[in-house]
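> okay, here's the prediction I keep looking at, along with the sequence it came from:
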Amino acid sequence: MSRPPPRLAIDPSSPDFDAEALRRGVRIRFNGRERTDVEAYDLAEGWIRVQAGKTVDRRGKPLTLKLPGRVEAWFADEPEPEGEPAAEG
């Protein structure tokens, strides 16, 4: 597998969960900035899910926000994809 899956989630109960890809490490750039707080993403639909603070639902799972935008994904053990450089900050 040379490219990350088009959809990925870190929640094991999600149908988009992929343990092998997560073990390998997936890095995400969202709207030109690298993000480390992504809970799930979809490359085709162009969105990421991030945790909404420290709030949790009644089952103890974090509440998330779905943010639309340009999403790029690559494996951590591969060079960064060509394009605009990641913004620091």
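Okay, I see it. In this text, all values refer to a predicted model and were calculated from it rather than measured experimentally. Numbers count the residues shown, from 1 in each chain.
> which parts of the strand of greatest length in the chain are buried?
Scanning the chain for the strand with the most residues, using DSSP state E, yields strand 47-56. Residues of strand 47-56 classed as buried under the neighbour-count rule (16 or more other C-beta atoms under 10 Å) are 47-50. Any C-beta I mention is one placed from the backbone N, CA and C, and that applies to glycine too.
> so what touches it?
9, 28, 30, 35, 37-42, 62-69, 71 (C-beta atoms under 8 Å, 6 or more residues apart in numbering).
> circling back: Throw the buried residues of strand 47-56 into TSV and include distance to residue 21 and pLDDT, thanks.
Formatted as TSV, those follow (distance: C-beta to C-beta, whole Å; pLDDT from 0 to 100):
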residue	distance to residue 21	pLDDT
47	18	98
48	15	98
49	16	98
50	19	97
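> any chance of these in JSON lines with distance to residue 22 as columns?
Output for the buried residues of strand 47-56, formatted as JSON lines (distance: C-beta to C-beta, whole Å):
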{"residue": "47", "distance to residue 22": "19"}
{"residue": "48", "distance to residue 22": "15"}
{"residue": "49", "distance to residue 22": "15"}
{"residue": "50", "distance to residue 22": "16"}
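> ok, which pair from these is furthest apart?
Distances among these were taken as C-beta to C-beta; the most separated pair is 47 and 50, at 10.3 Å.
> can you give me the strands in this structure?
Along the chain, the stretches classed as strands by DSSP E are 7-9, 26-30, 33-35, 38-42, 47-56, 62-68, 71-75.
> minimum distance to residue 19: which of those strands has it?
Residue 19 lies closest to strand 7-9 among those, at 10.6 Å (C-beta to C-beta).
> let me know the average pLDDT across that closest one.
Mean per-residue pLDDT for strand 7-9: 97.
> pull the residues that contact that strand.
Identification of contacts with strand 7-9 by C-beta under 8 Å, 6+ apart yields 16-18, 21-22, 26, 39-44, 49, 73.
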